[in-house]
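please work out how this folds:
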Amino acid sequence: MPRAWRVERAVQSNGVKRLLVAWALGAGVMVAGQTARQVSLIVVGRFVITQNAAHQMLSPGAVAIDGSTIVGVDTPEAIARTFVASDTIAANDDIVLPGLINTHTHAPMVMYRGLADDLALMDWLNRYIFPAEAKTVSPDMVRIGTRLAALEMIESGTTTFADMYYFEEEIARATREAGLRGILGETILRFPVADAKTPAEALARAERFIKAFKNDRLIVPAVAPHAMYTNDAATLMAAADLGRKYQVPVLIHLAETEDEWRMAREQHHMTPTAYLESIGFWGPRTLAAHGVWVDDADIAVLKRHGVGVSHNPESNMKLASGTAPVSKYVRANVALGLGTDGAASNNDLDMFEAMRQASFLAKHATRDSTALPAQTALDLGTIGGARALGMDGQIGSLEVGKRADLICVSVAAARQTPLYDPVSHLIYTTRGDDVRTTIVDGAVLMRDRTIKTLDRATVIADANRLAQKVRDAVK
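Presented below is the predicted three-dimensional model:
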């Protein structure tokens, strides 16, 4: 049995302070007069930011994990009195916090990173991305791209991501092998794509995908009608009905651009949000990505139906799509999370950048420096994202009974010095490569910047080989 943890405690005896030192060596060991419970892992940090309802922060703090579940969050001393672990991560210079939740991306599109920049959305899609996808998307491309995206997300502290793409079963397998948690939607469009020639074929694929992964511990299957402007009403409702039939999420792009808003007004005399309500599309397990071109009535619709919204500040700025009314969403208590969007339009999957830019953009758009403060930005990247996905009972905060998804962020670098407010530091200073350790479902995916579940060199080499095919395809 490996030595699990050294407990040091100052105690008073006969007026003399002495140091009590105990080594916990296994199940049933007596620690401070109590029988300690054997657990699989204890993580000790300089700070533990719980993201619970009270925004409790411990300094220092510790998290006890048994298998895939958090069983204790307290001071290191209190945890040591109660638990003894097979393994301990002593993150003494780190902030320990819930893993970040990326509520909107297209994982394999890391393979199109930098392929076409500085363009408007429709031009970018129609002239570059859709043609590139038509020539290069395959199960192999999806698998290689997802493994690269998973590597990037593990290294930058994302533990859960929501995805929309093709051959979603390949994304699911690669995600599960990497150890990440995924809410993964099979994309449905009205025109032929790589894995389906018709919407009916795409819906059939989506149903098979849902059945295959419905009870997976890490994968939540979903159905993903791309948008209102790429599907007709019948297909949109068939997708929504499929989600309701199997009680899985429905993912859709919503009101991303002014062109989409104008199209809906011209064709349906309604906003995109109102149109989707008029056909009965909205439901409580729906996640709407972007939500930029919405008015107060639209926000009320989304709130009434319990729709989650994914704010994608970097993608929206880069494509000049507009600025989502984030402050209004927050005031209306809409279930709001953050996404990076795909790396083809961002161009990375770093959620620390997404949180920082969400705060900056809100301040700039409203000319109010108090808009979207650091704590709110962190909420959106953690418990807010969980709420938007309907998973706040399982992930998004460090609380007893929740899944053990957490990260350790180093604050030892010159750029991180001095540190006065850990939450401010996470939003305004931290980058993805400050993450030292990433844990999902109690499994350590990266420890001290060493990836445990993927062969880093192989993943990058495979991606570089595939990149040459992408270059050749778009010449």
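
okay, CA-based contacts and neighbour counts for the rest of this
Will do.

is the closest residue to His55 other than its chain neighbours in a bridge, and if so with what?
In space, and not counting its chain neighbours, His55 is closest to Ile49: 7.4 Å by Cα to Cα, 6 or more residues apart in numbering. Note on Ile49: beta-bridge partners by DSSP bridges are Met57.

go ahead and confirm Ile49 touches Leu97.
Yes. Using Cα atoms under 8 Å, Ile49 is in contact with Leu97, at 5.0 Å.

which of those two has more neighbours?
Remark: of Ile49 and Leu97, Leu97 carries more neighbours, 25 against 21, as counted by other Cα atoms under 10 Å.

so what does the host helix or strand of that one touch, helix or strand wise?
Assigned by DSSP states H and E, Leu97 belongs to strand 83-98. In terms of contacts (3 or more Cα pairs under 8 Å, 6 or more residues apart in numbering; DSSP states H and E), strand 83-98 is packed against strand 5-13, strand 37-49, strand 406-410.

can you give me the angle it makes with strand 406-410?
Angle of strand 83-98 versus strand 406-410, following axes from the mean of the first three to the mean of the last three Cα atoms, to 10 degrees, is 70 degrees.

can you classify Val444 by secondary structure?
Secondary structure, DSSP: H, G, I helix; E, B strand; the rest coil: Val444 is strand.

that one and Gly342: what is the separation?
Using Cα to Cα, to the nearest Å, Val444 is found at 25 Å from Gly342.

now Pro325
21 Å.

next one: Val307
Counting by Cα to Cα, the gap from Val307 to Gly342 is 21 Å.

go on, Arg147?
Using Cα to Cα, we find Arg147 at a distance of 14 Å from Gly342.

what about these two, which has more around it?
Shown here are Arg147 and Gly342; by other Cα under 10 Å, Arg147 has more neighbours (29 against 25).

dihedrals phi and psi, that one?
Taking degrees, to the nearest 10, you get phi -60, psi -40 for the backbone angles of Arg147.

report the residue ranges of every domain in the protein.
The record's domain split for the chain, according to automatic domain parsing, is 5-98+400-451, 100-388.

pick the most buried one from those domains.
Highest mean neighbour count of the domains of the chain: domain 100-388, a mean of 21 (counted as mean count of other Cα atoms under 10 Å).

what's the end-to-end length of that one?
This stretch, domain 100-388, spans 13 Å end to end (Cα to Cα).

and it, how far out from the chain's middle?
Centroid separation for domain 100-388 versus its chain: 11 Å, with Cα atoms, centre = their mean, to the nearest Å.

what mean pLDDT does that domain have?
Averaged across domain 100-388, pLDDT comes to 96.

and the nearest residue to Tyr246 once chain neighbours are set aside, backbone torsions?
Excluding its sequence neighbours, the residue lying closest to Tyr246 (Cα to Cα, 6+ apart) is Ile210, at 7.7 Å. Main-chain torsions, Ile210, degrees, to the nearest 10: phi -60, psi -50.

please apply the same query to the one 4 residues further on.
For Lys214, the backbone dihedrals are phi -60, psi -40 (criterion: degrees, to the nearest 10).

now do Met391
Dihedral angles of Met391 (phi, psi; degrees, to the nearest 10) stand at phi -120, psi 20.

what about it, distance to Ile383?
In this view, Met391 and Ile383 are 9 Å apart by Cα to Cα.

over to Ser345?
Between Ser345 and Ile383 the computed distance is 25 Å (Cα to Cα).

ditto for Ile183
To Ile383, Ile183 is 15 Å away according to Cα to Cα.

would you mind confirming that Leu406 is in contact with Arg436?
No. Contact between Leu406 and Arg436 fails when scored by Cα under 8 Å: they sit 11.1 Å apart.

shared neighbours of the two, anything?
With contacts defined as Cα atoms under 8 Å, 6 or more residues apart in numbering, no residue is shared by Leu406 and Arg436.

which parts of the stretch 201-350 of the chain are strands?
For the stretch 201-350 of the chain, applying DSSP state E, counting those that start in this stretch gives strands covering 219-225, 250-254, 286-290, 308-311, 335-338.

nearest to Leu119, of those?
Closest to Leu119 of those is strand 286-290 (Cα to Cα; 17.7 Å).

only C-alpha atoms, please: export that closest one in CSV.
Output of strand 286-290 as CSV, limited to C-alpha atoms (Å, rounded to 0.1, in the frame of the first residue of the first chain):
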residue,chain,number,x,y,z
THR,A,286,-32.1,22.7,-26.1
LEU,A,287,-28.9,24.6,-26.3
ALA,A,288,-28.8,27.7,-28.6
ALA,A,289,-25.3,28.7,-29.8
HIS,A,290,-24.5,32.4,-30.2
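
paired strands for it, with orientation please.
Partner strands and pairing direction for strand 286-290 (DSSP bridges) are strand 250-254 (parallel), strand 308-311 (parallel).

quick check: angle from that strand to strand 219-225?
Strand 286-290 runs at 70 degrees relative to strand 219-225, counting by the same axes, to 10 degrees.

the strand holding Leu97 pairs with which strands?
Paired strands of strand 83-98, with direction, are strand 37-49 (parallel), strand 406-410 (antiparallel) (DSSP bridges).

and the residue nearest to Tyr246, what does it touch?
Pro221, Ala222, Tyr246.

okay, these in a markdown table with distance to Ile460 next?
Putting those into a markdown table (distance: Cα to Cα, whole Å) gives the following:
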| residue | distance to Ile460 |
| --- | --- |
| Pro221 | 27 |
| Ala222 | 28 |
| Tyr246 | 37 |
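
and of these, the nearest to Ala120?
Ranked by distance to Ala120 (Cα to Cα), the contacts of Ile210 are led by Ala222 at 28.5 Å.

distance check, that closest one against Phe213.
10 Å.

and for Pro221?
In this view, Pro221 and Phe213 are 6 Å apart by Cα to Cα.

what about Thr136, distance to Ile183?
From Thr136 across to Ile183, the span is 24 Å (Cα to Cα).

then Ser40?
Ser40 is 26 Å from Ile183, where distance means Cα to Cα.

do the same with Ser315
20 Å.

just the pLDDT for the residue lying closest to Val63 once chain neighbours are set aside.
Setting aside the residues directly before and after it, Val63 is nearest to Val73 in space (Cα to Cα, 6+ apart), at 4.6 Å. In this model, Val73 is scored at 98, pLDDT.
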